[in-house]
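>>> output the structure for:
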Amino acid sequence: MAKIQKPVDFEVLLKRHGLEIFELARTFKAIDEKGRYLHWDEFRRYPAPGINKEAAWAAIKMSRACASKTLELRSECDRPFFLYTTDFCDAVIHAVESVTSRLGGAKASSPQYRDNTQYLVDSLMMEEAISSAQLEGAATTRKIAKDMLAKERTPQNDDERMILNNYHLMKQAKYSKDDNLSIALICEFHGIATAGIEEDEAHPGQLRGTDDIFVGGAGDEVVHQPPQATLLPARLEALCRFANDRHDGQDGRHFIHPVVKAIILHFMLGYEHPFRDGNGRTARCLFYWFMLKSGYWPFEYISISTLLKEAPMQYGRSYIHTETDAFDLTYFVIYQLRVIERAINEFMAYFESKRKEAVELMSWLNTLGLQDDLNNRQGHFLKKVLQHPGRIFMPKELTHDYDISENTARKDLEKLAAMKVLFKVQEGKSFLYVAREDGQANLKKLISAG
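Reported below is the predicted structural model:
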C-alpha cells in the first residue's frame, strides 16, 4: 500500500490561509459534486489549477465539522473520534432496514419458511468463517474447509484450525446477542478465535501486556501503533460503555444508528488492538454480534469477510484515513457500508435463487406425488442423493446442512433408506448411508406402486 499523505491540522491551515478559506467554503463542501467523502490524500489530486488546495481542504473540513457528531470514544492522544453521516450512509442503512423487514415478513407469513431456507444457515456461516480466516492469511481451499466443517473433521494445521474457530465464533456471536458487552465477552470471543493455534503470538483470551506490537505497511513502515497495554483495561471499559449505552437521540444523547454503531465497534477493536493476534477476527465478530443484538437477523447469513478479502488494501486504507485525518470515523464507516451494500445485494440474489429452487422443489415433489410424504428439507436431500450415486452421507453432515439435530438427521436418512435410494452400511459402531446407483429406478417403482 502506497504511503498515505496526512493532512495538515485545520488550526494550522486557518492561521496560514485565513479569509481565503471562507471564500472557498461557497464551493467546497463536506462531500464533492460526485458524492465522495474524500481524504486529503485523494482530494489534493482533484482541484483545478489555480485553486489553493490547502485552503479548499480547510473549507471542506469546516463544512464537515459543522454537521459532525463528536463521540465519547477517544484516541490514545485523547482526541475524540467524530462522525459525519452522508446521504450514502442513509441509503445503505435504509437498504439494511428494508431487507430485514422484507425477509422478516416472509418468515412470519410462511409456515414453510424454515423448511425452505433454514438449510442455508450453516452453509452461509461457513462462508464467513472461511473468508474471515483467509483475510487473516489462512491458506486452505474453500472445498477442503467446507468438507472439514461439514464432517467435523479434526483440523490438520493452524489454517484449518483458524477456520473452525471462526465458525464457532460466528455461532457464539449469535448465542451471546442478548448479553451486554464486557471485557470478559471480548476475551471470550478472542479465546474462541485463537483456540489451539500453535503460534507464539496466540494467547487465547488474554489481553496483551506489552507494547512491542504494531500494524505494518510497506517495508518497515508503521501505519498504526496501538494504545499502550497499561491503558487497555480502561479503554476497553469505555468501549463497552459505548456499546451498552443507548444512542437513541433522547435526553441529549447523540443518535447513532445501530448499523453505524456496529461498524464503529469493528473499527475500535482494531484500533485498540488488545490482543497479540486475532484482533481482526474478533473485531468482525463484534460487528456481527451487535448487528444481531440490534435485530438485524439477516446478518447471521450475510458475509462481509468474503468482500473484505477481495480488497484487503482498501480495508486497511479505510483505517489509516480515519487515523490520519483527526480521527474522522466517516471514512471507515463509508467503506464498510459499501461492503455491506454489496453483501446485501449478493445475498438477496442468492436468497432469490434459493426461493426459486424451493418453488421448483415443491413442484417436483408434487409431480412425484411425494408432497405428503416428504417435507421440503427431506425433498431437498432426496434430490441431492439422486444426483450423487455412490456418495456417502452421515448424520453429522445433515445436521450442518439443514440445522437439525442428529436424531432428526438419522430419521431422514432412515426414511430415504426405506425408499431404497440409500443403503445402510455399518462401520464399527456407526452407520453410513450410501446413495444407491439404482436409486432413480427404485424411486420410480415406489411411486408406481402407489
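
>>> by mean pLDDT, flag the weakest helix or strand of this structure.
helix 113-117 (a mean of 46; mean pLDDT, DSSP states H and E).

>>> which parts of the stretch 251-400 of the chain are strands?
Ranges of strands in the stretch 251-400 of the chain, per DSSP state E, counting those that start in this stretch, are 392-393.

>>> what distance do you get for residue 169 to residue 225?
27 Å (C-beta to C-beta, to the nearest Å). To be clear about C-beta, it is placed using only N, CA and C from the backbone, and glycine gets the same treatment.

>>> which one's more surrounded, the two?
Comparing residue 169 with residue 225 by other C-beta atoms under 10 Å, the one with more neighbours is residue 169, at 28 against 13.

>>> list the contacts for the more buried one?
Applying C-beta atoms under 8 Å, 6 or more residues apart in numbering, we find residue 169 in contact with 129, 189, 192-193, 281, 285.

>>> so which of the residues you listed sit within helices?
In helices, defined here by DSSP state H, the members of those are 129, 189, 192-193, 281, 285.

>>> greatest separation within the residues you listed: which pair is it?
129 and 189 (13.5 Å; C-beta to C-beta).

>>> nearest residue to the middle of this structure?
residue 304 (3.8 Å; C-alpha atoms, centre = their mean).

>>> and the gap between residue 235 and residue 73?
For residue 235, the distance to residue 73 - C-beta to C-beta - is 9 Å.

>>> wait, residue 417
58 Å.

>>> ditto for residue 246
Taking C-beta to C-beta, one finds residue 246 at 16 Å from residue 73.

>>> out of those two, which sits in the busier spot?
residue 73 (22 against 10).

>>> the more buried one is in contact with residue 239, isn't it?
Yes: if you go by C-beta atoms under 8 Å, residue 73 and residue 239 touch, sitting 7.0 Å apart.

>>> overlap in contacts, these two.
Shared contacts of residue 73 and residue 239, defined by C-beta under 8 Å, 6+ apart, are found at residue 268.

>>> strands of the stretch 101-250 of the chain, start to end?
215-216, 222-224.

>>> rank those by mean pLDDT and give me the bottom one.
Note on the strands of the stretch 101-250 of the chain: strand 215-216 shows the lowest mean pLDDT, a mean of 66.

>>> list the contacts of residue 304.
Residue 304 neighbours (C-beta under 8 Å, 6+ apart): 128, 284, 287, 336, 339-340, 343.

>>> what's the closest non-adjacent residue to residue 238?
With C-beta to C-beta, 6 or more residues apart in numbering as the measure, residue 73 is the residue that lies nearest to residue 238, at 6.8 Å, once sequence neighbours are left out.

>>> next, the one you found: phi, psi?
phi -80, psi 140 (degrees, to the nearest 10).

>>> do you know how far it is from residue 404?
Applying C-beta to C-beta to residue 73 and residue 404 gives a distance of 42 Å.

>>> what's the answer for residue 414, then?
Residue 414 is 14 Å from residue 404, by C-beta to C-beta.

>>> more neighbours, those two?
Between residue 414 and residue 404, counting by other C-beta under 10 Å, residue 404 is the more crowded of the two (18 against 14).

>>> hang on, the more buried one packs against residue 375?
No: the criterion here is C-beta under 8 Å, and residue 404 misses it with residue 375 at 10.9 Å.

>>> domains in this protein, by residue range?
For the chain, automatic domain parsing gives the domain ranges 10-67, 73-350, 369-449.

>>> want to try a markdown table for those domains, with distance to residue 357 as columns?
A markdown table is the format used below for the domains of the chain (distance: least, C-beta to C-beta, whole Å):
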| stretch | distance to residue 357 |
| --- | --- |
| domain 10-67 | 37 |
| domain 73-350 | 9 |
| domain 369-449 | 8 |
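
>>> and of those, who's closest to residue 3?
Closest among these, using C-beta to C-beta: domain 73-350, at 6.6 Å.

>>> show the residue spans covered by the helices in the stretch 351-450 of the chain.
376-387, 395-402, 406-418, 439-449 (DSSP state H, counting those that start in this stretch).

>>> equivalent analysis for the stretch 201-350 of the chain, please.
So, for the stretch 201-350 of the chain - with DSSP H, counting those that start in this stretch - the helices run 232-244, 258-272, 279-293, 305-308, 312-324, 330-368.

>>> and the shortest one, what does it pack onto?
Taking 3 or more C-beta pairs under 8 Å, 6 or more residues apart in numbering; DSSP states H and E as contact, the helices and strands that helix 305-308 lies on are helix 120-135, helix 330-368.

>>> any idea which of those helices gets closest to residue 13?
Nearest to residue 13 among those is helix 330-368 (18.9 Å), distances taken as C-beta to C-beta.
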